[in-house]
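>>> Give me a 3D structure for the following:
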Amino acid sequence: MSHGAPGGSGGMKQVRSPEIATRAWTFGFVGFATSLVLGLAPAGCGQRKTEGGAGPAPSASAATSASAATSADPPTTSASVAQAPPPPPSEPVGSGVSSFVAAAQTEACKAQSGDIATYLQRGEVTAAGREGAIAAAWLIKLAANKPGAQLAFAGFALDAKQVARARGIGTANETAPRIFSNGAGWTLVWFDGDGLAYTKPRWETAPAPVIERLSTVSAANADDVALAATPSGAIVAVAPFNMDKAQLGLFQFAPTDAAAPAVQALGATHHAHEPRRSAVAADGTGYTLAWHEGDGRIVVSRFDLAGKEIDEAYTLAAAPPAGAPARERVNLVATTKGAMAVWVEGDKILARAVDAAARPGDKTWLVGRGRAPALAPIGDGALVVFLGQEGGKDDQVLAVKLSESGEPSSTGMRISDGTGPVKDPAAVTPAGPRFGFLWTEPMSNGVSTKRAILRTLESSCIP
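Okay, the predicted model is just below:
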């Protein structure tokens, strides 16, 4: 099950597609931007800042789409937004999870594992699952005199055995790629020197997948771009918008419906001030966005399917005081009740639930201590996977289940075996009745190269 660098004459070659998608995005967003200029007050004008929200909306709403963005209608206030304001951010509740059971020693987990790549110099990995299968992608360092990395892709059954051999997809920069399930297939998204690229790889090695790109989304903004899969399988992206990057634009691309536009501009934020490090979650009724403000606050807002934003964004986490521990990027995942937000302050992993109208829950919970959290939906809540200390060993892959309110379970699960430290963020994905976990760790003591490990287990065994 071990595989070196995919490539050679048998690997899949990069194919540059026509710039249809880029032109569609450019023309759509130009029309969208024109509607913003003509129909909306400038973002940030007349805003008031409160702990309950980021300020009222301008006098008009965002355009509903790129094709119908010639004017803007006054916003409508939903019943959920008209309710009493959510509670202000508070000190974290709880002491965090400190007790973990080992997945490999838990019989009910029926854990299956395999090395999917070896002798890696990079540690960026991504995984996506569906009923019966898991797709994975990772980066392979190119020669020392060449910048960037090769992007590799492979497919696996739920017992972690390979069903689609590893092959090279294209050249990427050293930003972690993202892969998503889109029903019967997959969508792989990454950044290269020309910006955002994507393709829909298949199990078969031929023909080579067509690589499309959104060159207007610059690789320079990669840290501020958020991606998520929609229920239909299309990908929703949030990226800095306008010359001064004072707004975040929301759009869809890579649709599964051949009749749908390749790229569709949806809306833009109107409550943001110096937004950066965004996150997005998509569900059947719209999109939840979160981002970091210039003053350090984390703000959350909601868009409907047509791209109309709610009248007021809410403060998820207050601006940190001077000298406070560093606050890392917020993560979002859609839940049955809205979304779950998770972020790190120092070594504290914090969680706060958000309802379907983007209203934060009553409490911010301390999940545990560690770093590099990843999120996946489970039941009515979420599963947080992070690197932390367990059994006297640092940098283990740990998992904690969160209820719909964000409250962590009393016991977590150690996913890795504890044989070596896991230095790079792990990936997690639901796959039918099982969960897949993907991470890299040193191949042995004193060896700098890494192996990528895929472990699957029954979701019902996670405490």
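
>>> I'd like the distance between G323 and K348.
Distance, G323 to K348, by Cβ to Cβ, to the nearest Å: 15 Å. Backbone N, C-alpha and C define where each C-beta goes, glycine included.

>>> Give me the more crowded residue out of the two.
K348 (16 against 5; other Cβ atoms under 10 Å).

>>> My guess is the more buried one contacts L366. True?
Yes - the pair K348 / L366 is scored as a contact, 5.9 Å apart, by Cβ atoms under 8 Å.

>>> Can you pull the residues that touch both of the two?
The overlap between the contact sets of K348 and L366 (Cβ atoms under 8 Å, 6 or more residues apart in numbering) consists of 92, 96.

>>> Now V93: closest residue in space that isn't a chain neighbour?
In space, and not counting its chain neighbours, V93 is closest to K363: 4.7 Å by Cβ to Cβ, 6 or more residues apart in numbering.

>>> Could you check how many residues crowd around that neighbour?
Number of residues near K363 (other Cβ under 10 Å) recorded here: 18.

>>> my read: S278 touches A290, true?
Yes - with contact defined as Cβ under 8 Å, S278 reaches A290; the gap is 6.9 Å.

>>> of the two, who's got more company?
A direct count of neighbours by other Cβ under 10 Å for S278 and A290 places A290 higher, at 31 against 25.

>>> show me the contacts for the more buried one.
Counting by Cβ under 8 Å, 6+ apart, A290 makes contact with 278-280, 298-301, 316, 330, 332, 341, 354.

>>> What of G436?
For G436, the contact set (Cβ under 8 Å, 6+ apart) comprises 127, 129, 134, 156, 158, 160, 428-430, 454-456.

>>> Closest to A234 out of the contacts of A290?
For these, the minimum distance to A234 (Cβ to Cβ) is 12.7 Å, reached by V280.

>>> State the distance from the closest one to A426.
With the distance defined as Cβ to Cβ, V280 ends up 21 Å from A426.

>>> Same drill for these two, tell me which one is more crowded.
The residue with more neighbours, out of V280 and A426, is A426; 27 against 22, by other Cβ under 10 Å.

>>> Show me what the closest residue in space to that one that isn't next to it in sequence is bridged to.
Leaving aside its sequence neighbours, A426 sits nearest to W439 (Cβ to Cβ, 6+ apart; 3.8 Å). Bridge pairing for W439 (DSSP bridges) gives the partners I453.

>>> neighbours around W439, how many?
W439: 29 surrounding residues under other Cβ under 10 Å.

>>> For stretch 308-320, measure first residue to last.
Length of stretch 308-320, first residue to last, Cα to Cα, to the nearest Å: 30 Å.

>>> Output the below-cut-off pLDDT ranges for the stretch 51-200 of the chain.
Within the stretch 51-200 of the chain, the stretches with pLDDT under 70 are 51-85, 87-90.

>>> redo that, cut-off 90
For the stretch 51-200 of the chain, the stretches with pLDDT under 90 are 51-91, 142-148, 174, 183-184, 193-194.

>>> neighbours of E309, just the number please.
For E309, the neighbour count with other Cβ under 10 Å is 26.

>>> Tell me the confidence at the residue nearest to it when sequence neighbours are not counted?
Leaving aside its sequence neighbours, E309 sits nearest to F303 (Cβ to Cβ, 6+ apart; 5.2 Å). pLDDT for F303: 98.

>>> Can you get me the centre-to-centre distance for the helix or strand containing F303 and its chain?
Assigned by DSSP states H and E, F303 belongs to strand 298-304. Chain-centre distance of strand 298-304: 15 Å, with Cα atoms, centre = their mean, to the nearest Å.

>>> I am finished for the moment; much appreciated.
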